[in-house]
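> model the following, please.
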Amino acid sequence: MASSSKADVTEQEEEEEIDHFNDFTLASSWERFISEIEATCRQWMADGPKKLLEKGAVHLDSSDNIYKVKSDLKIAAKVYSMEYYFEVSNNGKIADWNSTLHDLHLCFGVKEFLVISPQSASGVVLDAPEATKLLSTISIALSNCSSLWPAFVPVHDPSRQSYIGIQNMGTNFTRRFEADRIGSQVPIKFMHLEGLYELFVSKFAYCTADHSMHLFKVHLRMKLTYRTLPNDEDNDNDIQEPDAENADSETSLGGDNRNRKHWDDDCPWNEWYFAEDPVKGFDLVATWSEKVVESSLEMAELENASPHEAENWILAPNLSPNLDSSKEDRIGFASQLLLLVNALDISFGVQFVEDFVSVQTPDSDNLNSSMVIPPQAVLDHVLKDLFLEGLQLPNFAKDEHKNSQAIKGAPLESLFTQFCLHSLWFGNCNIRAIAVFWIEFVREIRWHWEESQPLPRIPANGPIDLETCLINQKLQMLAICIQKKREQNKEVDASANMEKMQENIKGGEKSSSFHAKSQAFDGKRDSLFIPEDFNGSKTAVPKFNANSQDVHSADKSCSDSIRRGSSGPVGSMKLLKSCQSLHAPFTQSAPLMTEDMHEERLRAVEASGDSFNFSAQLERERLSSDMSAFKAANPDADFEDFIRWYSPGDWENDESAKNFTEGVMDEWPPRGRLSQRMSDHGNFWRKIWVDAPILAAFEQKPLLDPNHEGEKILHYLETLRPRQLLQQMVCTAFGASADILNQTNFGSLKQMNMKMDQLYLTMASTLRSLQVNLSSNISETIEDVRRLCVVFEHVEKLVTLAASLHRKFRQEPRIAEAIFSDFYNFYLPTMEIGLADVVNEKEFDMKLQLRQDERQFVSNMFKPPTANQSWRKVLSMGNHLNGHEPILREIIFTMFDNASESHYASVADHDTSSSPSPSPRVNEHEIETYRMYTCGTSNDLRVALAVTSHD
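Below you'll find the model as predicted:
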């Protein structure tokens with residue numbers, strides 16, 4: 001029996017143990033849900049911020065250092081998302097007006113928190129019992145894992161931005177949260193500070209014996225945001241009728257749009273397009289530091305206070321959303337340059353420009369139907385603007401960047417550059433429109449040639465600028481030929497008979513093409529084949545003038561009577577035989593040559609074995625002309641005299657004779673000899689000297705035949721291959737567009753100047769491949785130039801921003817420099833990527849603390865509303881700034897209770913030590929019991945309330 005009784009006792013104990021075993025298979029779904037939340041929270045608490053970052057915590061775009069982790073929880077048929085928000089760097093304080101914080105940070109003053117919401121279309125809990133039950137569930141889970149995190153549940157309609165929440169503050173404190181929003185029809189009482197104050201007091205005042213006799217010390221912090229009027233509204237009052245003097249000059253394709261003043265009217269690109277103002281306006285944030293208010297009367301006084309009384313002013317620019325992104329509808333130089341590059345890509349493989357105009361061309365099927373050719377009226381208007389008569393020749397070197405010549409385009413105001421710029425906007429820069437424009441352009445140039453009319457925008461004198469593109473060189477040479485042709489026509493018209501012509505020649509007819517030899521060899525040479533040691537007279541020699549005296553002789557010898565074409569004696573030099581003064585003759589200018597002519601001669605020299613004699617053959621006409629002029633100016637001269645003057649390096653003085661006769665001034669003739677190459681048998685120079693007739697420069701046939709050279713240039717322009725035309729157009733258009741942007745006045749912005757320098761260097765490097773005969777790697781070159789368009793677009797955006805800021809802050813440049821510098825650093829990663837379609841997910845959010853001396857200037861930006869602007873809205877709030885009410889008013893009300901004289905005293909010390917960053921705020925004497933955040937205007941109001949209670 002004993003053994004059996006013992007066995008029964010053992011079985012009974014085992015049954016009791018089984019009864020007390022936690023069998024989760026019998027737990028309810030909510031219990032399992034609580035356990036799952038608890039396990040997730042314990043894991044996040046154990047990991048901490050660093051490990052959560054390693055595990056892939058998501059960064060919030062609106063903040064610099066706030067991250068979140070997410071976990072999906074399921075109960076029955078519903079799925080919830082629980083998100084944990086935390087800061088990486090935390091100094092233990094919550095900034096009241098930090099716009100980069102999460103919305104709940106600002107509403108309730110919390111640091112790290114949980115948000116649990118259903119995975120539904122609305123993302124909120126629409127059922128009140130479910131929301132309460134869900135909040136209780138997460139509160140139990142957080143209490144089980146000893147977490148002090150506050151938890152929130154979104155409720156009601158998403159547009160209301162409503163939350164309820166709870167936070168365990170240890171063993172005795174509990175904090176409850178509630179937020180809601182009134183989207184319309186805000187009660188008039190709550191539009192004013194007095195009503196908001198009474199709303200906050202009503203949350204606790206009714207607990208007292210006598211509300212009317214009690215003065216509550218409410219702590220208040222306020223933030224007011226003002227916004228300047230949009231540009232379209234701000235400019236309504238500024239539009240004025242154009243002056244009578246300027247009305248006639250404002251003729252453009254823009255038509256009536258020119259009558260309206262735009263922000264970029266004085267910007268250099270305004271001639272070609274209107275740019276959107278990248279600065280849409282400014283937000284001014286005025287903040288008041290914490291102050292204690294004891295009655296609603298003080299709130300009424302605060303509402304009448306001026307924003308100038310605020311402790312801090314913060315300026316935030318509102319930039320255009322297109323500034324840090326790329327859109328296809330954005331119009332500017334970069335977009336049009338890309339279209340020009342596309343036209344270049346199509347031009348390869350086509351022989352003639354006319355093929356793009358002809359309907360029967362075999363490649364017409366490949367042309368897009370959208371390539372529309374503008375009507376003839378538009379074409380005539382553009383050509384009239386290009387070939388406008390009476391234009392003064394511009395200063396091509398003015399405002400030129402130091403690296404612009406490396407692009408090898410053309411000067412900004414030159415004829416070909418203006419053609420390229422007009423092409424960017426003509427017919428939206430399609431290849432067919434460019435072809436039609438070029439054909440009419442060349443036809444207009446031929447008319448100027450045939451009618452001997454000077455070409456506008458091109459200098460008709462001076463050397464050919466070999467640093468420019470070949471088309472610009474040809475046009476410059478054609479302008480010179482037209483000028484010489486006009487001079488010849490004037491001479492023919494003036495010569496009624498041969499006697500009058502001879503009389504004019506004898507008297508010294510004017511010829512602007514004749515230059516003194518000394519002047520011609522002191523400057524830069526157009527020809528590459530005259531040895532560098534050749535030198536002319538050191539005496540400054542003017543152009544030949546028929547009215548000037550032809551005979552200049554110091555010794556008054558008998559030969560003066562037949563001396564012709566002399567510009568005067570050359571120092572103390574004398575002829576070897578006659579001992580007369582050596583005279584420098586007037587000589588013809590060297591024949592002008594373009595780059596392709598120089599290259600042709602270089603190839604000929606390289607093919608010849610004797611470069612010296614062959615170069616003399618190539619320069620035979622010029623050398624013979626100079627020798628003839630020298631003979632006419634020095635009738636008794638020998639070949640040695642010409643070499644002593646023309647090429648001093650080929651005359652070798654006898655050093656021994658020089659030492660022997662040192663100090664003897666009358667030693668004559670000087671002892672010396674020709675150099676080895678000049679004294680060789682059969683020297684080509686001596687042969688030319690023997691054959692050269694004795695003719696002064698004005699008696700000779702001109703070295704440059706303007707009729708022949710002009711026809712050659714027109715033949716080149718009319719038969720130019722499309723790809724050769726487009727290659728030069730691309731280089732010229734890029735350089736001209738950059739030169740226009742470089743003329744922008746944006747103050748002393750170092751980053752902008754540096755970026756412009758980099759742009760020129762990048763263009764010079766990329767476009768170098770288009771300056772040669774491109775036959776291979778065409779697709780790679782085209783892609784490189786397309787990427788250059790992206791780089792150009794980035795710089796163009798920065799230039800427009802810099803110009804806009806400079807215009808708005810001329811008197812306060814520090815503000816402009818600070819805003820631009822901040823945006824430049826923000827935009828720099830996008831520029832380094834170099835992709836136009838990259839959109840920066842993070843928005844530019846810059847806050848600039850204003851100095852006291854800058855407030856008045858910023859205040860003047862808020863111009864008083866006009867009559868047209870005042871009717872749009874009724875002012876319902878106080879704290880007006882020049883007639884503008886705040887677009888947003890934020891207030892934080894807080895109420896503290898004395899921890900040593902209330903029921904909070906027993907637990908204040910405990911909670912202060914248990915939480916490293918207690919919330920609500922607890923200090924040695926007081927604890928925050930009530931906190932209310934209000935945000936809104938006269939049209940909407942959001943209120944968030946946090947109440948700390950002692951359980």
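
> rest of the way, CA atoms for contacts and neighbours
Noted.

> what sits closest to residue 66 if chain neighbours are left out?
What sits nearest to residue 66 in space, not counting adjacent residues and going by Cα to Cα, 6 or more residues apart in numbering, is residue 87, at 4.6 Å.

> am I right that residue 126 is in contact with residue 158?
No - applying Cα atoms under 8 Å, one finds residue 126 not in contact with residue 158, separated by 9.4 Å.

> just checking, what packs against the longest helix that the chain contains?
Scanning the chain for the helix with the most residues, using DSSP state H, yields helix 778-808. With contacts taken as 3 or more Cα pairs under 8 Å, 6 or more residues apart in numbering; DSSP states H and E, helix 778-808 sits against strand 279-293, helix 333-347, helix 750-767, helix 813-833.

> out of these, nearest to residue 104?
strand 279-293 (20.0 Å; Cα to Cα).

> what are the pairing partners of that closest one, and which direction each?
Using DSSP bridges, strand 279-293 pairs in its sheet with strand 218-227 (antiparallel), strand 312-319 (antiparallel).

> buried stuff in it?
By 16 or more other Cα atoms under 10 Å, the buried positions in strand 279-293 come out as 279-288, 293.

> pipe those into a markdown table and attach pLDDT per row.
Shown next, in a markdown table, are the buried residues of strand 279-293 (pLDDT from 0 to 100):
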| residue | pLDDT |
| --- | --- |
| 279 | 94 |
| 280 | 92 |
| 281 | 92 |
| 282 | 95 |
| 283 | 94 |
| 284 | 95 |
| 285 | 95 |
| 286 | 95 |
| 287 | 94 |
| 288 | 93 |
| 293 | 91 |
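
> could you dump those to TSV with distance to residue 471?
Shown next, in TSV, are the buried residues of strand 279-293 (distance: Cα to Cα, whole Å):
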residue	distance to residue 471
279	40
280	43
281	46
282	48
283	52
284	54
285	57
286	60
287	63
288	66
293	79
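
> and of those, the nearest to residue 435?
The closest of the buried residues of strand 279-293 to residue 435 turns out to be residue 279 (Cα to Cα; 38.6 Å).

> ranges for the strands of the stretch 401-550 of the chain?
Taking DSSP state E, counting those that start in this stretch, the strands of the stretch 401-550 of the chain run over residues 514-516.

> all helices of it, in order?
415-425, 431-450, 470-494, 498-507, 517-522 (DSSP state H, counting those that start in this stretch).

> sorry, back to before: count of neighbours near the residue nearest to residue 66?
Neighbourhood size, residue 87 [other Cα atoms under 10 Å]: 17.

> could you do residue 347 as well?
Residue 347 is flanked by 21 other residues according to other Cα under 10 Å.

> return the residues in contact with the residue lying closest to it once chain neighbours are set aside.
The shortest distance from residue 347 to any non-neighbouring residue, by Cα to Cα, 6+ apart, is to residue 723 (5.1 Å). Applying Cα atoms under 8 Å, 6 or more residues apart in numbering to residue 723 gives the contacts 344, 347-348, 350.

> separation between residue 723 and residue 437?
Counting by Cα to Cα, to the nearest Å, the gap from residue 723 to residue 437 is 15 Å.

> please apply the same query to residue 124.
Taking Cα to Cα, one finds residue 124 at 63 Å from residue 437.

> quick one, which of the helices and strands packed on helix 778-808 is packed in tightest?
Scoring the helices and strands packed on helix 778-808 by mean neighbour count under mean count of other Cα atoms under 10 Å gives helix 333-347 as the most buried, with a mean of 22.

> mind putting the helices and strands packed on helix 778-808 in a markdown table, distance to residue 856 included?
Below are the helices and strands packed on helix 778-808 laid out as a markdown table (distance: least, Cα to Cα, whole Å):
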| stretch | distance to residue 856 |
| --- | --- |
| strand 279-293 | 12 |
| helix 333-347 | 37 |
| helix 750-767 | 27 |
| helix 813-833 | 13 |
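
> right, and these - which one's nearest residue 786?
Nearest to residue 786 among the helices and strands packed on helix 778-808 is helix 333-347 (6.3 Å), distances taken as Cα to Cα.

> which other residues reach the closest one?
Looking at what lies outside helix 333-347 - Cα under 8 Å, 6+ apart - the contacts are 424-425, 428-431, 722-723, 726-727, 730, 733-734, 737, 782, 785-786, 789-790, 792-793, 796.

> just for the stretch 51-200 of the chain, where's the confidence low?
Applying pLDDT under 70 to the stretch 51-200 of the chain flags residues 89-96, 99, 171.

> how about the helices in it?
Along the stretch 51-200 of the chain, counting by DSSP H, counting those that start in this stretch, helices occupy 103-108, 128-144, 193-201.

> reformat those helices as a markdown table; add distance to residue 577 and mean neighbour count.
As requested, those are arranged in a markdown table below (distance: least, Cα to Cα, whole Å; neighbours: other Cα atoms under 10 Å):
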| stretch | distance to residue 577 | mean neighbour count |
| --- | --- | --- |
| helix 103-108 | 104 | 19 |
| helix 128-144 | 120 | 18 |
| helix 193-201 | 112 | 20 |
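
> possible to save these as a markdown table with distance to residue 312?
Putting the helices of the stretch 51-200 of the chain into a markdown table (distance: least, Cα to Cα, whole Å) gives the following:
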| stretch | distance to residue 312 |
| --- | --- |
| helix 103-108 | 19 |
| helix 128-144 | 39 |
| helix 193-201 | 20 |
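
> right, I'll call it a day here.
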